[in-house]
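K.L.:
Fold the following and give me the result.
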Amino acid sequence: MFVDTNVLVRARFEAAPDHLLARRRMQEAGDTGEALRISRQVIREYLATVTRPQSWSPPVAMHAALAHIATLESAFELLEDGPAVTGMLKSLCRDVPFAGRQVHDANIVATMLAHGERRLMTFNSRDFRRYAARIELVVM
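P.N.:
Have a look, this model is predicted:
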């Protein structure tokens with residue numbers, strides 16, 4: 001199952017909204033033996049999110065954020081971006097209406113599909129509904 005950035009952030013910070021829910025759902029998924037996956041895009045998004053102020057937290061120092069990234073890289077299967085992902089993204093661009101910032105979500109879906117992953121755990125179901133014929137949303 002692919003884990004979206006918003007789940008990782010909420011699971012990491014006790015003050016984040018739905019912190020306990022995010023932790024519990026990831027633990028339950030891990031307990032089933034299902035592989036939990038992220039991508040380098042998720043790592044970048046995580047760094048961008050935690051190193052800027054949130055309504056529930058001051059920014060995290062970069063050295064602390066990088067230490068947590070090392071933990072994520074060892075705890076999750078890392079799906080690499082490459083030509084297959086780019087090809088899938090181009091296909092999604094032709095087949096599904098989206099533009100602008102939504103390209104980032106489309107790239108997550110393209111990464112998943114290029115690696116044969118069909119399940120996405122996210123708090124952001126609204127932006128991923130357009131891909132419901134291609135992926136299964138595990139909505140928090």
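K.L.:
Domains in this protein, by residue range?
P.N.:
Annotated domains of the chain cover 2-79, 83-139 [automatic domain parsing].
K.L.:
Rebuild these as TSV, extending it with mean neighbour count and mean pLDDT.
P.N.:
Every residue, glycine included, has its C-beta placed from N, CA and C. Shown next, in TSV, are the domains of the chain (neighbours: other Cβ atoms under 10 Å; pLDDT from 0 to 100):
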stretch	mean neighbour count	mean pLDDT
domain 2-79	16	95
domain 83-139	16	95
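K.L.:
Contacts only, for the residue nearest the centre of the chain.
P.N.:
Geometric centre of the chain, nearest residue: residue 4, 1.9 Å, by Cα atoms, centre = their mean. Shown in contact with residue 4 (Cβ atoms under 8 Å, 6 or more residues apart in numbering): 42, 108, 120, 121, 122, 123, 124.
K.L.:
for residue 47, same thing?
P.N.:
For residue 47, the contact set (Cβ under 8 Å, 6+ apart) comprises 62, 65, 66, 69.
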